[in-house]
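Engineer: 3D model of this:
(4 chains)
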2 protein chains.
Amino acid sequence: MKTYSAERKLTPKGLATRERIVEAAAQLVHERGVAGTTTEEVRYAAGVSSSQLYHYFKDKMLLVRAVIEYQTDAIIGAQAEFLDNLDNMESMRRWRDRLVRISRGAGCAGGCPLGSLSSEIAEVFPELRIDLNRGFTRWEGGIRSGLRAMHARGELRKDADPDRLATALLAAVQGGLLLTQIRRNTKPLESAIDAMLDYIESLTRVRAKGTVRVGH
Amino acid sequence: MKTYSAERKLTPKGLATRERIVEAAAQLVHERGVAGTTTEEVRYAAGVSSSQLYHYFKDKMLLVRAVIEYQTDAIIGAQAEFLDNLDNMESMRRWRDRLVRISRGAGCAGGCPLGSLSSEIAEVFPELRIDLNRGFTRWEGGIRSGLRAMHARGELRKDADPDRLATALLAAVQGGLLLTQIRRNTKPLESAIDAMLDYIESLTRVRAKGTVRVGH
DNA sequence: TCGGTTTTGGAGTTGTTAGTCCAATCTACA
DNA sequence: TGTAGATTGGACTAACAACTCCAAAACCGA
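Structural biologist: Just a heads-up that it's a prediction; the model follows:
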């Protein structure tokens, strides 16, 4: 999933340069947004010349597209160990802790690298919504497979819909990160995810027809 | 809450012009984002000259600040009838339907006028985070007071935290709107809010110590 | 009516930034 | 080793966009 469209031949050297540009761009875009990042800053940060940048990316939009792909990989990568095992409450709680810790580590700044990007460019570069959606869908897929497994094993009530729960959980993460970014405090993120996980937990361990145990 | 800082004297005429500028700016910013909206477009849409715009707003950032205030009022206004009565499940479900209908009516475009704005400018204009937060806090306050009322009346379990639930519900709305914007489909918004409301409902109607009824 | 203040017109300025161009230099591979 | 193609340097351009400026006009209270 490295090269996007049919790139011309790229020598290892060229590929490294390209990667350097994307990395620099991703970092800057996360810090200041797309509009707040100039190609000159990217060039400086990556240590490349103007002709290099435009040699590898026809225009800024295509660079942004590469950044989307890069951030998607980064997100999935950073959560891989968790996303592969979100099929029980304990794993989900640990995953939640990891997200909170990442956010806190960033000083609650920047929000979700994919979410912030999405808000900013969804209407400006409509073509890129496909790429953004691909990113979210990959992420959601990781969550969903765990919930589906729980459902299949009967650990989730029959009438629970793991797919919808996965979407809702991802939404809680996104909304939580947004509020956390604005407030510079991880509480909103914690409250949002915790509520959703408590809900999911309430759908497990069925005790009697129509009643379930809830709580911590 | 109309004028922000200590504005100089504004005649009715001047105030109307100012309002026209803010309205035009709010609309454009919602459609294309802050960076995607030029002062010239605002001028044209509002039918004012350059000197007028800069007569009422020292710079673009202060215009954006006025837009934040305007959108906050618009959001609260559009949901006023609901926000004042979110103290039972039926009201909350109706409120949910309203949000979904608003989103669908906009073709799922633009997302939340406040949320999109926040993502875009939180790091670019850090000074404005205060204003954004004020908006979210007002919104959250409307949700919270309903949940607090339910809690006080004993319709929510004692160990439920209405304040955290309010934050989580707002986060679900924000995250849901983001995914809905990207996917151009209201399902994510529906799934996110429904899950959170189902959870809240599961915290009502306590049946026995430690067990509650859940579901639809 | 008068004087001060607010409001408006619109040309102009200044800085920025995405994107171009062409020649020079490397690199892979036959 | 030769050469076509890939990579790089860096000056340049053309457009754009935020913001300024100086009067002129409208307004308002006395």
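Engineer: pLDDT weak spots in chain A?
Structural biologist: Scanning chain A for pLDDT under 70 picks out A:1-8, A:206-216.
Engineer: Identify all contacting residues around stretch A:192-206.
Structural biologist: Residues outside stretch A:192-206 that contact it (Cβ atoms under 8 Å, 6 or more residues apart in numbering or on different chains): A:89, A:92-93, A:96, A:99-100, A:147, A:150, A:155-157, A:160, A:165, A:168-169, A:172-173, A:175-176, A:179, A:212-216, B:164-165, B:167-169, B:171-172, B:175, B:195-196, B:198-199, B:202, B:212, B:214. All C-beta atoms are positioned from the backbone trio N, CA, C, and that covers glycine.
Engineer: Mind checking which of these are buried?
Structural biologist: For the contacts of stretch A:192-206, a burial check counting by 16 or more other Cβ atoms under 10 Å in any protein chain shown picks out A:89, A:92, A:96, A:99-100, A:147, A:150, A:155-157, A:160, A:165, A:168-169, A:172-173, A:175-176, A:179, A:212, A:214, B:164-165, B:167-169, B:171-172, B:175, B:195-196, B:198-199, B:202, B:212, B:214.
Engineer: Secondary structure element holding the residue of chain A found nearest DNA strand D?
Structural biologist: Nearest residue of chain A to DNA strand D: residue A:14, at 1.7 Å (Cβ to the nearest atom of the strand). Assessed by DSSP states H and E, residue A:14 sits inside helix A:12-32.
Engineer: Check which residues of that helix are buried.
Structural biologist: For helix A:12-32, burial by neighbour count (16+ other Cβ under 10 Å) applies to A:17-30.
Engineer: Make TSV out of the residues you listed and add distance to residue A:131.
Structural biologist: Output for those, formatted as TSV (distance: Cβ to Cβ, whole Å):
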residue	distance to residue A:131
A:17	22
A:18	17
A:19	18
A:20	21
A:21	17
A:22	13
A:23	18
A:24	19
A:25	14
A:26	14
A:27	19
A:28	19
A:29	14
A:30	16
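Engineer: Surely residue A:102 and residue A:82 touch.
Structural biologist: No - when contacts are counted by Cβ atoms under 8 Å, residue A:102 is not listed as touching residue A:82 (11.3 Å).
Engineer: quick one, which of the two is more surrounded?
Structural biologist: residue A:82 (19 against 16; other Cβ atoms under 10 Å in any protein chain shown).
Engineer: these two touch, right, that one and residue A:98?
Structural biologist: Yes - at 6.2 Å, residue A:82 counts as touching residue A:98 under the criterion of Cβ under 8 Å.
Engineer: taking the buried ones among the contacts of stretch A:192-206 one by one, which sit in helices?
Structural biologist: Of these, the ones assigned to helices by DSSP state H are A:89, A:92, A:96, A:99-100, A:147, A:150, A:165, A:168-169, A:172-173, A:175-176, A:179, B:164-165, B:167-169, B:171-172, B:175, B:195-196, B:198-199, B:202.
Engineer: do the one helix or strand residue A:70 maps to and DNA strand C meet?
Structural biologist: Assessed by DSSP H and E, residue A:70 sits inside helix A:60-83. Yes - remark: helix A:60-83 sits within contact range of DNA strand C at A:60-61, by Cβ under 7 Å from any atom of the strand.
Engineer: what does chain A have sitting close to DNA strand C?
Structural biologist: Counting by Cβ under 7 Å from any atom of the strand, chain A sits next to DNA strand C at A:11-13, A:37-40, A:50-51, A:54, A:58-61.
Engineer: now these: which count as buried?
Structural biologist: In terms of neighbour count (16+ other Cβ under 10 Å), the buried residues within these are A:37, A:39, A:60.
Engineer: mind checking how far the last one is from residue A:175?
Structural biologist: Right, the one you point to is residue A:60. Using Cβ to Cβ, to the nearest Å, residue A:60 is found at 29 Å from residue A:175.
Engineer: Could you do residue A:48 as well?
Structural biologist: Distance from residue A:48 to residue A:175, by Cβ to Cβ: 37 Å.
Engineer: again, but for residue A:190
Structural biologist: Separation of residue A:190 from residue A:175 (Cβ to Cβ): 12 Å.
Engineer: same deal with residue A:193?
Structural biologist: The value you get for residue A:193 to residue A:175, if Cβ to Cβ is used, is 10 Å.
Engineer: Could you do residue A:103 as well?
Structural biologist: On the measure of Cβ to Cβ, residue A:103 and residue A:175 end up 13 Å apart.
Engineer: same deal with residue A:132?
Structural biologist: The value you get for residue A:132 to residue A:175, if Cβ to Cβ is used, is 16 Å.
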